[in-house]
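Engineer: Can you look at this prediction? I've put the sequence above it.
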Amino acid sequence: MQRAALLRGGDAQMAAGDLGELLVPYMPTIRVPKSGDRVYKTECAFSYDSPDSEGGLYVCLNTFLGFGREHIERHYRKTGQCVYLHLKRHLRQKAPGASGGALPKRRNAKLFLDLEISSDLNSDDFEYEDEAKLVIFPDHYEISLPNIEELPALVTIACDALLSAKSPYRKQEPDSWEEELQASKHAKTLVQLDNGVRIPPSGWRCSRCDLRENLWLNLTDGSVLCGKWFFDGSGGNGHATEHYRETGYPLAVKLGTITPDGADVYSFDEEEPVLDPHIAKHLAHFGIDMLQMQVTENGLRDNDIKPRVSEWEVIQEAGVKLKPMYGPGYTGMKNLGNSCYLNAVMQAIFSIPEFQRAYVGNLPRIFDYSPLDPTQDFNTQMAKLGHGLLSGQYSKPPMKSELIEQVMKEEHKPQHNGISPRMFKAFISKGHPEFSSNRQQDAQEFFLHLINLVENPSDVFRFLVEERTQCCQSRKVRYTDRVDYIMQLPVPMEAATNKDELIAYELKRREAEAARRPLPELVRAKIPFSACLQAFSEPSNVEDFWSSALQAKSAGVKTSRFASFPEYLVVQIKKFTFGLDWIPKKLDVSIDMPDFLDISHLRARGLQPGEEELPDIAPPIVIPDDPKALDIDESSVMQLAEMGFPLEACRKAVYYTGNLGAEVAFNWIIAHMEEPEEDNKLSYTRSPVLTTGVGQLCFHPLARSVLLRGKLTCDQVTAFEVLCVVCQCSLLTFQLSEAKEGTDECLFVPDFAEPLVIPAFGEVASSGAAALGAVGLDNQPPEEMVAIIISMGFQRNLAIQALKATNNNLERALEWIFSHPDPEEDSDPALDTMDMENNANANILSETGSEGPRIKDGPGRYELFGFISHMGTSTMSGHYVCHLRKEGRWVIYNDLRVCASERPPKDLGYVYFYHRIPS
């Protein structure tokens, strides 16, 4: 321990001679971060500790994982890694006479590029000091940095590379180009001219050219100017940039993107999109209240003048002084940029005791059995998030005023109020085209995405639905069961109890629009909950129903009942429908959701005496001679889309089932979208010359393989015979990927979200591949398309790669190029191949038995304990807030803000959570 004392602060020269010798045994374990390595220098893998925390953060110089003081010993014991870089940020009171700045002064600024600076501190009185040390375990030897002359070159290079490494969240996936935005250096020092400019809520136009789209508000002088021109003819005339060159005013916000969540801000000086932590104050200078603003799909306002009563105010309980809540279970979550849907869902999930016990209750065991990279383990990240929300460690009340001055004289110890779920979001959304982006998402879809990843606790939501389908002509019936997790209630607008008010409001609104007057106060349709429940239970017509009893199309009706009742009932109000532009629109309605719910009368009864079942006969496959002659039944497509399936998947299902109706198409989707990998293989006879293949895929739900007979080469793409091994029917075109040497099988996994491409008559190669989401080996892009992209300034290899990735669709290829700005920067294959399904930790929460999904049945009486509300015009925009009932009162979770609710808007919710009342 004598050497340790020297290295901690003894004679520097005495310690210097031993540094090289001290580090020699550990040199083989020290790595230099390379491109693709994820360096976690701002957050612990097991907790939300950071360099700002009291114990700082320890970063392993071999794995580049970060660990807080409580978890560093676990990593040392598990891996034997001894050398760590300890990062700590101190906030001290400035020396008398020190000059203040716009932000607290940062010494060693290069150390922590990704750390945020608290905006509630007085920068004239305090400054930051960043500290880095090498720590050697198990004796905790400390070597202060920088110490370049005494340290071996490899250690110096490794430390410097680690400290300058980019955030691991900047490029989560190759398909996700959005980077984590950084706060602008101009945000806090921005000077705003007191020129009396006030910006109206809508009706904007460029002050130089009268353009009405792509408009930017300069945050210094309030000028409204158009943005840059793009190669496709959109954009503007670049007047916003010209204005910056003339004046030097650096920040501008895009009009039409302002919501209570924030706005799109661009820094002309820094030449990139940025964050403005003070955006609300900067907008208020020009008369813009962020709480009143709503984003629109094209950057324009839906209404010229906003009504006086908005759901934004009601749901967020604006205008009411709310009491902040602190302690266990009252921890907020930071909005990472349109991540409020994730925050709301996770707050509701971890208010459920089963999830608390499964993850937080098992936390020591989960952490001990976590894989070497815990950032890529689902159970570890769930336990970390649950502990962060429930421990109270990151939700502490402000210090008493008389203690603040005393603490500041020594060293400021920042309060950790709220957590930032960056690591959780990066992992949970990995590989998902929507959730991995920074765009707003549907909270209900994210809930289902999460449930698909959860192993054991998710059975508290699971229930069986019995569907009874009856042929109206033969009166015969068919009963089928399916698993579901959400009860979706339709909104019968015709059942509104205030129809006269709605008619009067609509007349006044039209008159006000015609006369350019302010709109009248909004009137919402009031729908009784009983009407929604009645609409759910009523029989619905089955379009194009094919009766197996009649062997022909007939009229059919379907009813749904609960074959089992779940422990926790999740109810979604189907407020969203599709507009004429295929964009989801929301019904602005008020529904009197009950605190106590009894759905026992919806219990399924099964086949009743006197009922006769429909024969189990599959409908015949009808394939037109010309595939393009088959018009897709859009009504069936819309019925499937309203169930939550991707739109293109619905189109494929209707097309591939020959317009036999929504029910047949629904069965086709269920049979194909979740097939096990072993059932997604196409079998063919082995042939030494078979290198690529073109074949056909049957409509039949059971036809998951085909048999190829004959020899096939790249030059002879049609000389073979195809036979469906199930029903021997005529087939549609598909294309096989390259066969592996010495195997009889080729993997084929259809992508249901890819656009449907109907092949022209006689086409057998690329069109068929595109129709089923497959990319062929010989799919060489047309030279004219390659030339078009090259003429835009892109390289030839990038043009070919983009066209191949998008089935030679020029428009999508351009989008692909812009979403892959750095194709040459590949990530580490070893890290990318870490799959959520292959974790060593995966069996901790699982139970024995794989007979199928477990169903927990019980009484159908429930009590409301939480709901998620949505503000905005569609799921593609807006904001989510969660209300939960805890300790006998309602609490509002609005991202980082957690307060006692005074007026919970239970009538405006989107997703409701009920728990079963014990009998």
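Structural biologist: Yes, it's here.
Engineer: Helices of the stretch 251-400 of the chain, residue ranges please.
Structural biologist: Taking DSSP state H, counting those that start in this stretch, the helices of the stretch 251-400 of the chain run over residues 279-284, 311-315, 340-349, 353-355, 363-368, 378-390.
Engineer: Now the fourth one: buried residues?
Structural biologist: Buried residues in helix 353-355, defined by neighbour count with 16 or more other C-beta atoms under 10 Å: E354, F355. From N, CA and C alone the C-beta is placed, and that goes for glycine too.
Engineer: Please enumerate residues in contact with that helix?
Structural biologist: I349, G386, P457, V460, E567 (C-beta atoms under 8 Å, 6 or more residues apart in numbering).
Engineer: Of those residues - the most surrounded one?
Structural biologist: Among the contacts of helix 353-355, I349 has the most neighbours (other C-beta atoms under 10 Å), with 25 neighbours.
Engineer: My guess is that residue contacts F446. True?
Structural biologist: No - I349 lies out of contact with F446 (C-beta atoms under 8 Å); the separation is 10.5 Å.
Engineer: would you say V881 is within a helix?
Structural biologist: No - secondary structure of V881 (DSSP: H, G, I helix; E, B strand; the rest coil): strand, not part of a helix.
Engineer: show me what contacts it?
Structural biologist: So V881 contacts I315, Q316, C340, A344, I868, S869, M871, I892, Y893, N894 (C-beta under 8 Å, 6+ apart).
Engineer: let's see it at 10 Å
Structural biologist: Applying C-beta atoms under 10 Å, 6 or more residues apart in numbering to V881 gives the contacts 260, 312, 315-317, 340, 343-344, 347, 867-871, 892-895, 897, 905, 908-910.
Engineer: can you pull up the bridge partners for it?
Structural biologist: Beta bridges link V881 to S869 when assigned by DSSP bridges.
Engineer: going forward can the numbers begin at 30, since that is how I track them
Structural biologist: Let's use 30 as the start, then, which means that last one is V910.
Engineer: any idea how far it is from Q517?
Structural biologist: 21 Å (C-beta to C-beta, to the nearest Å).
Engineer: low-scoring stretches of the stretch 680-829 of the chain, by residue?
Structural biologist: Within the stretch 680-829 of the chain, the ranges that satisfy pLDDT under 70 run 700-809, 812-813, 820-822.
Engineer: out of everything not next to it in sequence, what's closest to P648?
Structural biologist: W575 (4.4 Å; C-beta to C-beta, 6 or more residues apart in numbering).
Engineer: Can you list the strands that the helix or strand where that neighbour lies pairs with?
Structural biologist: Element membership for W575, per DSSP states H and E: strand 569-576. Here strand 569-576 is paired, per DSSP bridges, with strand 581-591 (antiparallel).
Engineer: Give me the mean pLDDT for the strand it pairs with.
Structural biologist: In this model, strand 581-591 has an average pLDDT of 91.
Engineer: now stretch 911-925
Structural biologist: Here the average pLDDT along stretch 911-925 is 95.
Engineer: now do stretch 451-467
Structural biologist: Mean predicted lDDT for stretch 451-467 stands at 87.
Engineer: do the same with stretch 835-842
Structural biologist: Averaging pLDDT along stretch 835-842 yields 70.
Engineer: What segments of the stretch 480-629 of the chain are helices?
Structural biologist: 528-544, 558-566.
Engineer: Just to check, G889 is in contact with H630?
Structural biologist: Yes - contact between G889 and H630 holds when scored by C-beta atoms under 10 Å: they sit 8.0 Å apart.
Engineer: Now the common contact residues for the two.
Structural biologist: By C-beta under 10 Å, 6+ apart, the residues touching both G889 and H630 are F591.
Engineer: Mind checking which of these two has more residues around it?
Structural biologist: The neighbour count for G889 versus H630, taken as other C-beta under 10 Å, is higher for G889 (19 against 10).
Engineer: The more buried one and F492: what is the separation?
Structural biologist: From G889 to F492 the distance is 10 Å (C-beta to C-beta).
Engineer: what is in contact with these two at once?
Structural biologist: The contact lists of G889 and F492 share F591, S593, F594, P595, L598, where a contact means C-beta under 10 Å, 6+ apart.
Engineer: Nice, that's everything, thank you.
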